[in-house]
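K.L.:
only the shape, not the letters, is given here:
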């Protein structure tokens, strides 16, 4: 039963990693943009939720609802006014600009909040649990996993069943032809990044309520997100969730054998998938 519980905790942890990675996968799938500031934007959203909770006394979930449109606006503005200028056949400019953005965000947060670790308190939910047959699961990890599945379902419905989704797919396939059909790729890309920032806010809510974070926590979140995306297959949203689960299970199994092996086990699982399936388990050009 201990191993069963370990695997369950890994699956639930994978939901958090899937949330970290979903926005990254969405942006890459639509515009082939690798955002090195993604982890820092998650931490920025976590601090925004923290400020709303501490200054206005709001429930963390209400604070996240308020933070979502703010993060959408930040994402839209970053893409429209900055990142769109870097897109092209050369992948280096977006990497350099988002790397610089990462440094700016980290130093801005250090200036505003110091290097102290923070946490968003969720009250009794933090310690609440439910029995699932022979194992027990925490309410917050369960909510995280359910939220991850809901996010993937909603994104797939948006992409495949709405006019906005058709514009996303058309622009991803051929932005020049899409522009001739009346679609403005710059606005579509900005909307996609804004949508990714909404997902980032959901990820930040569970990051902030389940673990401590500080202004320099972003790069570690970025690594987990990258690994989940690559394990699942570039551009595949369901693959991203599967990649997060594989990463989470590998980490919890490693920690069960030796606590020092937790992070290493996740990296080894990533390398094993990369060795045998270089394009990931479920590769798609866009999901």
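P.N.:
Sure thing, it's come through. These numbers were taken from a predicted model, which means no experiment stands behind them.

K.L.:
ends of stretch 251-269, what's the gap?
P.N.:
9 Å (Cα to Cα, to the nearest Å).

K.L.:
contacts for that stretch, please.
P.N.:
Residues outside stretch 251-269 that contact it (Cβ atoms under 8 Å, 6 or more residues apart in numbering): 2-3, 6-7, 9-10, 13, 224, 227, 231, 246-248, 250. (C-beta placed from N, C-alpha, C; glycine too.)

K.L.:
equivalent analysis for stretch 223-237, please.
P.N.:
Taking Cβ under 8 Å, 6+ apart as the rule, stretch 223-237 contacts 14, 17-18, 20-22, 24-26, 28-29, 38-39, 152, 155-156, 238-244, 246-247, 266-267, 269-270, 273-274, 279-287.

K.L.:
let's go with 7 Å and repeat that
P.N.:
Applying Cβ atoms under 7 Å, 6 or more residues apart in numbering, the external contacts of stretch 223-237 come out as 17-18, 20-22, 24-25, 28-29, 38-39, 152, 155-156, 239-240, 242-244, 246-247, 266, 270, 273-274, 279-287.

K.L.:
could you give me the buried positions within it?
P.N.:
For stretch 223-237, the buried set under the neighbour-count rule, 16 or more other Cβ atoms under 10 Å, comprises 223-237.

K.L.:
out of those, which comes closest to residue 107?
P.N.:
residue 223 (19.9 Å; Cβ to Cβ).

K.L.:
next SSE downstream of the helix or strand that the closest one is a member of?
P.N.:
In the assignment (DSSP states H and E), residue 223 maps to helix 218-232. Next helix or strand after helix 218-232 toward the C-terminus (DSSP H and E): helix 237-257.

K.L.:
next secondary structure after that following helix?
P.N.:
helix 262-276.

K.L.:
so how far is that next one off the chain centroid?
P.N.:
19 Å (Cα atoms, centre = their mean, to the nearest Å).

K.L.:
and the angle from it to helix 218-232?
P.N.:
In terms of direction (axes from the mean of the first three to the mean of the last three Cα atoms, to 10 degrees), helix 262-276 departs from helix 218-232 by 40 degrees.

K.L.:
buried residues in helix 262-276?
P.N.:
262, 265-266, 269-270, 273.

K.L.:
any idea of the angle it forms with helix 237-257?
P.N.:
130 degrees.

K.L.:
which stretches of the protein have low pLDDT?
P.N.:
1, 284-287 (pLDDT under 70).

K.L.:
can you point me to the longest helix in it?
P.N.:
helix 2-31 (DSSP state H).

K.L.:
got the angle for that one vs helix 218-232?
P.N.:
Using the same axes, to 10 degrees: helix 2-31 against helix 218-232 is 90 degrees.

K.L.:
renumber starting at 26 from here on
P.N.:
Noted, 26 is the first residue going forward, which turns the last one into helix 27-56.

K.L.:
and the very next helix or strand once past helix 27-56, what does it pack against?
P.N.:
Using DSSP H and E, the next helix or strand after helix 27-56 towards the C-terminus is helix 63-81. Using 3 or more Cβ pairs under 7 Å, 6 or more residues apart in numbering; DSSP states H and E, the elements in contact with helix 63-81 are helix 27-56, helix 85-106, helix 117-138, helix 210-235, helix 243-257.

K.L.:
any chance of those in TSV, with distance to residue 144 too?
P.N.:
Converted to TSV, these look like this (distance: least, Cβ to Cβ, whole Å):
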stretch	distance to residue 144
helix 27-56	15
helix 85-106	10
helix 117-138	12
helix 210-235	7
helix 243-257	15
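
K.L.:
closest to residue 71 out of those helices?
P.N.:
Short answer: helix 210-235, nearest of these by Cβ to Cβ, at 4.0 Å.

K.L.:
list the buried ones in that closest one?
P.N.:
So for helix 210-235, counting by 16+ other Cβ under 10 Å, buried means 210-211, 213-235.

K.L.:
residues in contact with the residue lying closest to residue 233 once chain neighbours are set aside?
P.N.:
Spatial nearest neighbour of residue 233, excluding adjacent residues (Cβ to Cβ, 6 or more residues apart in numbering): residue 145 at 3.6 Å. Taking Cβ under 7 Å, 6+ apart, we find residue 145 in contact with 74-75, 78, 85, 233-234.

K.L.:
would you mind getting the angle between the helix holding residue 248 and helix 117-138?
P.N.:
140 degrees.

K.L.:
hmm, back to that, dihedrals phi and psi, the residue nearest to residue 233?
P.N.:
phi -100, psi 120 (degrees, to the nearest 10).

K.L.:
right, I'll leave it there.
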